[in-house]
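Engineer: need a 3D model of the sequence below.
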Amino acid sequence: MYTVEAMDADFEKQVVERLIQLRNRCGMTKENVAESTHLNVYRYESGKCVPGMRTLVKFCKVYNVTLSEFFASISY
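Structural biologist: Here you go, the predicted structure:
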C-alpha cells in the first residue's frame, strides 16, 4: 500500500515523463517550447517544479493535446 506522499511523488514523476514524451513526440527542443510558452522547461522536466493548471494548459496548447489527453496515460 502506498502512502499519500509516495502516490504524490509517483504522480509528479508521471507528469514529468508525460511532458518529455509529448515534447519528443512533437519533435521540439526545450528551447523551442520555452520560446513558445515563456516557461523554464528544464525546471518542469527535471521535476524541480510541479506545473500548475495554467502551466499545463500552456504545455497542452504547444503540444496540441487536451488536458484529458495529457492525463489519459497517467494513473493515480
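
Engineer: any idea how far His38 lies from Ala72?
Structural biologist: In this view, His38 and Ala72 are 26 Å apart by C-beta to C-beta, to the nearest Å. For the C-beta atoms, the positions are set from N, CA and C on the backbone; glycine is no exception.

Engineer: need the longest helix for this protein.
Structural biologist: The residue-count maximum for a helix in the chain (DSSP state H) belongs to helix 4-25.

Engineer: any low-confidence regions in this protein?
Structural biologist: Scanning the chain for pLDDT under 70 picks out 1-4, 6-7.

Engineer: what's the closest non-adjacent residue to Lys58?
Structural biologist: Leaving out its chain neighbours, the residue that sits closest to Lys58 by C-beta to C-beta, 6 or more residues apart in numbering is Thr37, at 4.6 Å.

Engineer: hey, C-alpha coordinates of the helix or strand hosting Ser36 in PDB?
Structural biologist: Following DSSP states H and E, one finds Ser36 within helix 30-37. What follows is helix 30-37, C-alpha atoms only, in PDB (Å, rounded to 0.1, in the frame of the first residue of the first chain):
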ATOM      1  CA  LYS A  30      13.300  22.500 -24.700                       C
ATOM      2  CA  GLU A  31      14.400  25.800 -26.300                       C
ATOM      3  CA  ASN A  32      11.500  25.600 -28.800                       C
ATOM      4  CA  VAL A  33       9.000  25.100 -26.100                       C
ATOM      5  CA  ALA A  34      10.500  27.800 -23.900                       C
ATOM      6  CA  GLU A  35      10.200  30.300 -26.700                       C
ATOM      7  CA  SER A  36       6.600  29.400 -27.300                       C
ATOM      8  CA  THR A  37       5.500  29.300 -23.700                       C
END
